[in-house]
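# Sharing a model that was predicted from the sequence below.
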Amino acid sequence: MSARPIATTRSAAGMPTGRLAVWWVIASEIVIFGGLLGSYVMFRLSHDSFASDAANTNMYIGAFNTWVLLTSSLFAVLGHKAAEEGNGPKAARMLWLTVGGGAVFLLVKTYEWYEKIHHGHTLSSSTFFSFYYTAAGLHALHVIAGMIIMLFVANTARKNLELHRVELIGIYWHFVDVVWIFLFPLLYIAK
Amino acid sequence: MATAPVTHHDAHGHGHHEESWFVHYFWSTDHKMIAKQYMFTGMAMALIGGFFAYCFRMQIAFPGIDVPGFGVVSPNEYNHLITNHGAIMIFWVAMPVLIAAFGNYLIPLMIGCDDMVFPKLNRLSYQIFLLSIVVLIASFFVPGGGFAGAWTMYPPLSAKPEYGLTPLGASLFVTAVALEFVAFLMGGINFVTTAMNSRAPGMRMYDIPMVVWMIVIASILFMASVGPLVAGAVMLLFDQNLGTAFFNPDKGGDPVLWQHLFWFFGHPEVYVVLLPTVGIVAEIITVFARKKLFAYRTVLYTAFGTGVLSFMVWAHHQFIAGIDPRMANIFTITTLLISIPIAEMMFVYIATLYGGAITLTTPMLWALSFIATFLVGGVTGIFLGASGADIYLHDTYFVLAHFHYTFFPIAIIGTFAGLSYWFPKMFGRMMNETLGKIHFWGTIIPFNCIFIPLFVLGAAGEHRRIFDYTNFSELARPELRQLDQFATISLLVMLGFQVLFLFNLFYSLFWGPKAEKNPWKANTLEWTADSPPPHGNWPELPRVYRGPYEYSVPGRDQDYWPQNAQN
Ligand code: HEM
Ligand SMILES: [Cu+2]
């Protein structure tokens, strides 16, 4: 059961199968976030109360987290480069650093939510905050999933195995990053 | 499932050993076994969905009757039965059979490779699908009963238990649908990637059999449209359980938002199920008319065009939901536009038949009846697409008859067509033609007898979600009641004939005459593998030299020209 089918090794479309599949995963994820953020924007445009609620978000924390994620993406790129050079152990180290970035992001997020809830802004206190927690929560789930997968990939890459996966998880991580780049202005900046 | 005992021999290094019975049937990563799992699961769900239809149709025709096999149907049970009938038929019958079963079976075989690109993901997709069924069926038995707020799950019925009366059932229902989506997203990624990357050497874009194209386009449509509804499902679950108010106007939410999210998916979804059947029909009519598919590229571009347009028509389901009338105008125009490519495909098929040497085998009968019945469904859609007419017809039995004239050809006729055509390949035996034809007529005639009366009832103003019409004097007129009874009795006849199908299916599975490799003398690659194909499909994977529809080519002594034949 372990050998790959011949199907997996073909590339009639001129792109390795794994990369092609990751792009399709991302395409279907884009519409998930697209639906959520599209709904948010429609609400935002037609409800003035959103602006006053949005004033309660902390732009500096959001900006810091944007920086953290972007930095972690840099490590993912460096990991990819190491993998291309065939340096598995280095690629694994870079992935660990990326995971570290994700962890910092989540810690900051936890603090931020803790503080919000403390001030009475909960999931159900207003539609703005419902979106705020739902969208950022869905994004955070993707961060967590990416970190877990990355640990697995790092573990095989360390032994110089399946190095192409480093690139694949990297693409996914950039996507998670880009989602945040949409969330940040929508939830934190536009007040 | 009595596939001939699989030869456990391994031509090219799959490294699989003597599998246990359990691994073979339930833990297999072979695309053909997964296809059969989807097929049989889908058919089992069709029995449940059919039984539900029987129960609520009995209640409508004979209000208050003690339905044999169920008992007296209470109002809430009635709603529950209708809701789950619709959801089951679309999400747990049409999707698994048309997309997952045929897609899994046909894509690798028709493009000439040994499996899907991600066999384990494929297996996982089926397991999640099965889990979604477990959740759905569990929802029928929780306190308060199964969800009863229509398959479209509109809030507030779906969001507020005090209206929907099914506190837990509603959440489980949404969860089941969401899990089903996850399963098909995984499957779709597998299908699209496999078809794009793993084609046999020599198979160019326009050498791909139409059914593979159609399943791929359908998978892409599904992936592109389901996202907002996944987000919507999360929001709905939060509204149900965590006190958010996305869809609750009292607290600043908007119930119509759900309708947008649902139909943004819902309308493309009808093409997701349509396209595979359109593909199946293309394979069948070319083989049994011995003709090249008329305008292959046009069909393909049309399918892409329909796919794009299908994202711009969704609000035709919401003409009376309070949307801006100017918006209704736009959606009327797009809806009328989309009937053009659909009609065109049907004409292309008729042109394919023109002048062909037609043999009326069972699969061919099904394929032809698809064209005939689907046309009725498509044409009545135009009436509904005109927002003025729809204000009257919306939510009447006219709508219901419209979409059954589309879904029945798609899901039921398409399944019977595909199954009777590929059965020899899938199971290595032939089905009985005589039984097949009797079953065909016994299904198609009652089908029309069920739904033609419903067009009339709808035009007379009968609303489609009422439990007992005797409470409404203007709808309780005897001539209308008799039409309902006629439709219900036709349903009983149709369900009765399905026993014949099940008999034919299981009898042929075990005792049907052995099938040769290529009983229909078809061109596509699956017919060059053994019947049934072993694990890995071919000892040596084929190479492709030409398109799939080279039938009756002048100057050749045979009237077919397999894709892999060098000359
Ligand atoms: C691909 C085949 C089709 C399928 C499977 C299909 C399916 C459906 C379904 C399931 C509904 C009712 C949904 C509900 O309220 O529960 C519906 C309604 C409708 N369909 Fe179709 N349809 C198809 C083709 C068409 C076409 C070609 C048109 C127009 C040109 C059309 C126009 C409409 C309209 C306007 C409605 C809304 C009617 C109303 O609710 O008042 N459909 N269709
Ligand atoms: Cu529609």
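Yep, that arrived. Numbering: from 1, shown residues only, chains lettered A, B, ... in the order given. Ligands and ions are numbered 1, 2, ... in the order given.

# residue contacts, the residue of the stretch 351-500 of chain B found nearest ligand 1?
The minimum distance from the stretch 351-500 of chain B to ligand 1, using C-beta to the nearest ligand atom, falls at B:Gly381 (2.4 Å). Where C-beta positions appear, they are placed from N, C-alpha and C, glycine not excepted. Listed by C-beta atoms under 8 Å, 6 or more residues apart in numbering or on different chains, the contact partners of B:Gly381 are B:Thr335, B:Ser339, B:His402, B:Thr406.

# List the buried residues in the helix or strand where it lies.
With elements taken from DSSP states H and E, the one containing B:Gly381 is helix B:362-385. Going by neighbour count (16 or more other C-beta atoms under 10 Å in any protein chain shown), the buried part of helix B:362-385 is B:362-371, B:373-378, B:380-385.

# Below-threshold pLDDT in chain B: ranges please.
B:1-18 (pLDDT under 70).

# now for the chain, which residue lies nearest the mean position of the chain?
Unless you meant another one, I'm taking chain A. A:Val176 (2.3 Å; C-alpha atoms, centre = their mean).

# um, chain B though
B:Ala94 (2.5 Å).

# Is that residue located within a helix, as I assumed?
Yes - B:Ala94: assigned to a helix according to DSSP: H, G, I helix; E, B strand; the rest coil.

# quick one, what contacts the closest residue in space to it that isn't next to it in sequence?
Nearest non-adjacent residue to B:Ala94, counting by C-beta to C-beta, 6 or more residues apart in numbering or on different chains: B:Ala411, 3.9 Å away. Going by C-beta under 8 Å, 6+ apart, B:Ala411 touches B:Met89, B:Ile90, B:Val93, B:Ala94, B:Val97, B:Leu98, B:Val273, B:Thr277.

# Cross those against helices and list the overlap.
B:Val273, B:Thr277 (DSSP state H).

# Pull out the buried members of the contacts of B:Ala411.
Buried, going by 16+ other C-beta under 10 Å: B:Met89, B:Ile90, B:Val93, B:Ala94, B:Val97, B:Leu98, B:Val273, B:Thr277, out of the contacts of B:Ala411.

# Which residue does chain A have closest to ligand 1?
For chain A, C-beta to the nearest ligand atom, closest residue to ligand 1: A:Gly35, 19.7 Å.

# Can you name the residues that contact the closest residue to that residue other than its chain neighbours?
Leaving out its chain neighbours, the residue that sits closest to A:Gly35 by C-beta to C-beta, 6+ apart is B:Pro228, at 2.6 Å. Neighbour list for B:Pro228: A:Val31, A:Ile32, A:Gly34, A:Gly35, A:Leu36, A:Gly38, A:Ser39, B:Leu261, B:Phe264, B:Phe265 [criterion: C-beta under 8 Å, 6+ apart].

# What is the burial count for the fifth one?
A count of neighbours around A:Leu36, defined by other C-beta atoms under 10 Å in any protein chain shown, yields 25.

# Now do the contacts for it.
Per C-beta under 8 Å, 6+ apart, neighbours of A:Leu36: A:Phe131, A:Thr134, A:Ala135, A:Leu138, B:Pro228, B:Ala231, B:Val234, B:Met235.

# Quick one: the residues you listed as JSON lines, columns for secondary structure and distance to ligand 1 too.
As requested, these are arranged in JSON lines below (DSSP: H, G, I helix; E, B strand; the rest coil; distance: C-beta to the nearest ligand atom, whole Å):
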{"residue": "A:Phe131", "secondary structure": "helix", "distance to ligand 1": "28"}
{"residue": "A:Thr134", "secondary structure": "helix", "distance to ligand 1": "27"}
{"residue": "A:Ala135", "secondary structure": "helix", "distance to ligand 1": "29"}
{"residue": "A:Leu138", "secondary structure": "helix", "distance to ligand 1": "28"}
{"residue": "B:Pro228", "secondary structure": "helix", "distance to ligand 1": "17"}
{"residue": "B:Ala231", "secondary structure": "helix", "distance to ligand 1": "21"}
{"residue": "B:Val234", "secondary structure": "helix", "distance to ligand 1": "22"}
{"residue": "B:Met235", "secondary structure": "helix", "distance to ligand 1": "21"}
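
# which residue ranges form the helices in the stretch 351-500 of chain B?
B:362-385, B:387-393, B:397-407, B:414-427, B:433-459, B:478-511 (DSSP state H, counting those that start in this stretch).

# which one of those is the most hemmed in?
Of these, the one with the most neighbours on average (mean count of other C-beta atoms under 10 Å in any protein chain shown) is helix B:414-427, at a mean of 25.

# and that one, is it in reach of ligand 1?
No - judged by C-beta under 6 Å from any ligand atom, helix B:414-427 stays clear of ligand 1, getting no closer than 11.1 Å.

# what's near enough to touch residue 102?
In the absence of a named chain, this looks at chain A. Residues near A:Gly102 by C-beta under 8 Å, 6+ apart: A:Leu69, A:Ser72, A:Val143, A:Ile144, A:Gly146, A:Met147, A:Met150.

# wrong one, chain B
Counting by C-beta under 8 Å, 6+ apart, the residues that B:Phe102 touches are B:Ala35, B:Val211, B:Ile215, B:Pro276, B:Ile280, B:Gly418, B:Trp422.
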